[in-house]
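>>> turn this into a structure:
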Amino acid sequence: MIHRSEAIPLLLFLLLLATAAAITIPLDRGLEEDGISLPISRATGVPADVLLMQQTLGAFRGWAIDALWLRALERREQGRLHESMELATWITKLQPYFPRVWNFQSWLLAFELALDSRDPQQRWSWVLESVDLLRGPGLRANPFSHEIHGQLSYLFWFKIGEFQDESAGYYQRRLCQRWRDILGDPSASESRPYQEVLQRVAIAATEASSSTLPWLQDARLVVAIERALDDPEPVLREGVEIAIPLLPAEHRQEVEDMLRRRLLEGELNMSPELMERLSWYLGPVDWRTPGAHAIYWAAQGVLRSRPGGLSESLDDSNIEAVLVSTNVRIGLQKLVRYGRPLLDEQGSLITSLPQPGILPSYERALVCLTQGQGIPDELLPRMLEILADSVVTAWLQGEDPMAIQLLGRYRDLAGGTTQPSAAALESQIETLVLGTLTEEDGERERKGLLIGIRGKSLVAGGGGGTAQEAVRGDQLADRLEQRWYGRRLPDVRRNSIISALRTPEFSAPLSVKRRIWETLGAEEKFDLDETTRSLLKIEANRFGQNPQVAFPGIGKQRGRAGSRTENED
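The predicted structure follows:
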């Protein structure tokens, strides 16, 4: 039995909770009405029991959130990442209008939990969850958040688009494949890839009915299309002709566009209209590349910060405001350097080539920073570096006309007077590569450059790139080695082999390393260091292969007196 002395404080506590809840409900409703946030239940899918807890805690909810936030930070510092994630999840349920916590969760997923694994597939699942968390519930609860839009852009251009993470090549291949499934591959003749398909998708029907699709009269077909609309991505991946065999061939494109729109506007929370307008204003934006998505999320953040809010469209009145965004400029840099995917015969990404069609937009973005007075002096060196890198990449892939086009612009900006020519192109490429070294650089840096070029050439020749890249990489290294030393250096060759064989498996899979091994002479195999041998054995064992079969003779090496010995694995 509760005594009177206990009942009075209890009743008072319950009364205070009820009062706090009564205050909180109109506050949340006011946020929704003012357009600061979307309704909690619709935005984040918060369960009814959590909604009840939100309102029950009332004004005390802030105290609870502060305590959880401090605890989440503490757990992260202690390295207890999963506990920190769980606490952050509770915060987003109690207070979904807190962008910093969404970004905190996203960072844990992509930059900390992902690195706990060596498996690229598992890493990709963490990175993808990080992206989905922000563009899904995070942005639906905070549609105007500059922080969340910025973090999304950063995830694409840095985490996926850069090569700081050894799994970046794998991320890029997965991103490329996913968007091939969604939008297909563009025609080589398209000046603005995907613009036509996005125009169709933006106006596609959203429901399967005879009112939206007059030709749709078969009830069985209606059911099949509705089922596909419930989960469109697997259908697009498989192909509508296989997933919906009842569908007449003349209507496949129309249904594909419906599925694309449902996927883009639903799960991916993206606007086909904005995607199309970005292609219109910026040039050949390829959605199979990380740079395109970095630009999209940064641009959407800028547009939503303007007076039009959610209804603000990209047009002549706001394009320059978009271009001066730092993340948009970085995304444009990425597209200039890596904006054109190169696929193998099976459709897998080999590498990404320069996209000179983006260059005018990138230059315009830089000029906008000075109100039309030219590229800022402090940014010109970076612009020249990007162009030089793009020239060399294009030449290595055998795209001489593109290399000459980019080199011409490089000379214009650098103040050169001579125009590039096909006859002297190889010499001009050599000059650009030499420009990557400074006056302070010496023997170590020169050999490091040579080892890098020859190592990449070996990987390309083994199937990690193109045959043209392998041949021209060796040609470039030969010219530099002859220039500096007058001959080929054995230690450069040896260290190039080591560099190639130690390349992370995501960039040079086991099959590539096996092909490199097959090209080596007996002496070169014997001279390999024990660390490289051990790494190859570990990689072979991880894929269930006998190291002696994958790399014949890997157990043989020189003894201390120079004799050959056989090591047991």
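>>> isn't Glu469 right up against Leu396?
Yes. Here Glu469 reaches Leu396: they are 4.9 Å apart, a contact under C-beta atoms under 8 Å. All C-beta atoms are positioned from the backbone trio N, CA, C, and that covers glycine.
>>> neighbour count for these two, which is higher?
Using other C-beta atoms under 10 Å, the more surrounded residue of Glu469 and Leu396 is Leu396, with 26 against 23.
>>> pretty sure that one contacts Gln475?
No. With contact defined as C-beta under 8 Å, Leu396 does not reach Gln475; the gap is 9.4 Å.
>>> the bottom helix or strand of the chain by mean pLDDT?
Lowest mean confidence among the helices and strands of the chain (mean pLDDT, DSSP states H and E): helix 40-44, at a mean of 43.
>>> helix or strand: which one has Pro341?
Assigned by DSSP states H and E, Pro341 belongs to strand 340-343.
>>> which strands and helices sit next to that strand?
strand 349-353 (3 or more C-beta pairs under 8 Å, 6 or more residues apart in numbering; DSSP states H and E).
>>> for the helix or strand following the strand it packs on, give the mean pLDDT please.
The helix or strand immediately downstream of strand 349-353 is helix 359-368, counting by DSSP H and E. For helix 359-368, the mean pLDDT works out to 95.
>>> can you give the distance of the helix or strand that helix 359-368 is followed by from its chain's centre?
Remark: after helix 359-368, the chain's next helix or strand is helix 380-396, criterion DSSP H and E. Distance of helix 380-396 from its chain centroid, counting by C-alpha atoms, centre = their mean, to the nearest Å, is 21 Å.
>>> got the CA positions of helix 380-396 in PDB?
Extracted in PDB, the C-alpha atoms of helix 380-396 (Å, rounded to 0.1, in the frame of the first residue of the first chain):
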ATOM      1  CA  LEU A 380      45.100  28.400 -60.200                       C
ATOM      2  CA  PRO A 381      47.900  26.000 -59.100                       C
ATOM      3  CA  ARG A 382      45.300  23.400 -58.100                       C
ATOM      4  CA  MET A 383      43.400  23.900 -61.400                       C
ATOM      5  CA  LEU A 384      46.700  23.300 -63.300                       C
ATOM      6  CA  GLU A 385      47.400  20.300 -61.300                       C
ATOM      7  CA  ILE A 386      44.000  18.800 -62.100                       C
ATOM      8  CA  LEU A 387      44.500  19.500 -65.800                       C
ATOM      9  CA  ALA A 388      48.000  18.000 -65.800                       C
ATOM     10  CA  ASP A 389      46.800  14.900 -64.100                       C
ATOM     11  CA  SER A 390      43.900  14.600 -66.600                       C
ATOM     12  CA  VAL A 391      46.300  15.000 -69.500                       C
ATOM     13  CA  VAL A 392      48.500  12.200 -68.400                       C
ATOM     14  CA  THR A 393      45.600   9.900 -67.600                       C
ATOM     15  CA  ALA A 394      44.100  10.500 -71.000                       C
ATOM     16  CA  TRP A 395      47.400   9.800 -72.800                       C
ATOM     17  CA  LEU A 396      48.000   6.600 -70.800                       C
END
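>>> tell me the mean pLDDT for it?
93.
>>> quick one, that helix and strand 349-353 angle?
Per axes from the mean of the first three to the mean of the last three C-alpha atoms, to 10 degrees, the angle that helix 380-396 makes with strand 349-353 is 130 degrees.
>>> tell me what helix 380-396 is packed against?
Counting contacts by 3+ C-beta pairs under 8 Å, 6+ apart, helix 380-396 packs against helix 326-338, helix 359-368, helix 400-414, helix 425-434, helix 467-485.
>>> for Glu524, find the nearest of the ones you listed.
Nearest to Glu524, of all the helices and strands packed on helix 380-396, is helix 467-485, at 15.4 Å by C-beta to C-beta.
>>> what residues does that closest one touch?
For helix 467-485, the surrounding residues in contact (C-beta atoms under 8 Å, 6 or more residues apart in numbering) are 351, 395-398, 426, 429-430, 433-434, 446, 449-450, 453-454, 456-458, 460-461, 487-489, 492.
>>> what stretches of the stretch 1-150 of the chain score poorly on pLDDT?
Low-confidence segments of the stretch 1-150 of the chain (pLDDT under 70): 1-95.
>>> 90 instead?
Within the stretch 1-150 of the chain, the ranges that satisfy pLDDT under 90 run 1-122, 125-126, 129-130, 133, 137, 141.
>>> check the stretch 401-550 of the chain too.
Looking at the stretch 401-550 of the chain by pLDDT under 90, you get 414-424, 436, 438-439, 463-465, 503-510, 526-527, 542-543.
>>> returning to what we had before: deepest-packed of the helices and strands packed on helix 380-396, please.
Counting by mean count of other C-beta atoms under 10 Å, helix 326-338 has the highest mean neighbour count of the helices and strands packed on helix 380-396, with a mean of 24.
>>> what helices or strands is it leaning on?
Here helix 326-338 touches helix 146-154, helix 290-304, strand 349-353, helix 359-368, helix 380-396, going by 3+ C-beta pairs under 8 Å, 6+ apart.
>>> at 7 Å instead, please
Applying 3 or more C-beta pairs under 7 Å, 6 or more residues apart in numbering; DSSP states H and E, one finds that helix 326-338 contacts helix 146-154, helix 290-304, helix 359-368, helix 380-396.
>>> looking at the ones you listed, which is nearest to Glu129?
The minimum distance between Glu129 and the helices and strands packed on helix 326-338 falls on helix 146-154, with 13.2 Å, by C-beta to C-beta.
>>> now that closest one against helix 326-338, angle please.
When the same axes, to 10 degrees is applied, the directions of helix 146-154 and helix 326-338 differ by 10 degrees.
>>> of all the residues in helix 146-154, which ones are buried?
Buried residues in helix 146-154, counting neighbours by 16 or more other C-beta atoms under 10 Å, are found at 148-154.
>>> now these in TSV, with distance to Glu238?
Output for the buried residues of helix 146-154, formatted as TSV (distance: C-beta to C-beta, whole Å):
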residue	distance to Glu238
Ile148	33
His149	33
Gly150	35
Gln151	33
Leu152	28
Ser153	31
Tyr154	33
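>>> nearest to Ile242 among these?
Leu152 (33.0 Å).
>>> so who does the closest one touch?
Listed by C-beta atoms under 7 Å, 6 or more residues apart in numbering, the contact partners of Leu152 are 131, 134-135, 297.
>>> about what we covered before: just the buried residues from the contacts of helix 467-485, in ChimeraX please.
Command for ChimeraX, covering only those of these found buried under the criterion 16+ other C-beta under 10 Å:
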select :351,395,396,397,429,430,433,446,449,450,453,454,456,457,458,460,461,492
